[in-house]
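Trainee: Here is a sequence with its predicted model. Questions after.
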Amino acid sequence: MPMTGAGLADAIFNLLAQQPWCNSTDPSAQQLCNDLGNAIVTYIQENATVLPLTLGVPTLIAPSGGGPVTGVGSIE
């Protein structure tokens with residue numbers, strides 16, 4: 001499943017709505033969660049460095065004499 005700002009926003013909103021201090025009927029509460037979700041997901045997708053899980057990633061480098069496979073993947 002791809003990472004989306006909307007998905008994270010829903011998760012944040014659902015957690016906040018359970019708090020007694022959160023007015024979940026106020027549209028600004030949902031807007032805050034949307035802004036946070038989108039900002040966090042965009043930041044992670046643009047800045048995270050992850051290890052690829054498969055050998056099908058073109059950026060992988062396998063040493064000819066053996067050893068660890070290295071490379072950089074991305075978060076989708």
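Mentor: Okay, I see it.
Trainee: tell me what the helix or strand harbouring residue 40 is packed against?
Mentor: Counting by DSSP states H and E, the element that carries residue 40 is helix 27-47. Helices and strands touching helix 27-47, by 3 or more CB pairs under 8 Å, 6 or more residues apart in numbering; DSSP states H and E, are helix 5-17. C-beta: built from backbone N, CA, C; applies to glycine.
Trainee: and the helix it packs on, what does it pack onto?
Mentor: For helix 5-17, the packing partners by 3+ CB pairs under 8 Å, 6+ apart come out as helix 27-47.
Trainee: Quick check: buried residues in the helix it packs on?
Mentor: 29, 30, 32, 33, 34, 36, 37, 41 (16 or more other CB atoms under 10 Å).
Trainee: from memory the last one sits against residue 10, does it?
Mentor: No - applying CB atoms under 8 Å as the test, residue 41 and residue 10 come out as separate, 11.9 Å apart.
Trainee: one step back: now the helix holding residue 40: mean pLDDT?
Mentor: Taken as a whole, helix 27-47 has an average pLDDT of 94.
Trainee: Give the helix, strand or coil label for residue 24.
Mentor: Look at residue 24: counting by DSSP: H, G, I helix; E, B strand; the rest coil, its state is coil.
Trainee: what's it in contact with, if anything?
Mentor: Contacts for residue 24 (CB atoms under 8 Å, 6 or more residues apart in numbering) come out as 13, 16, 17, 30.
Trainee: Take those residues and write them to CSV, including distance to residue 6.
Mentor: Converted to CSV, those look like this (distance: CB to CB, whole Å):
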residue, distance to residue 6
13, 10
16, 16
17, 16
30, 11
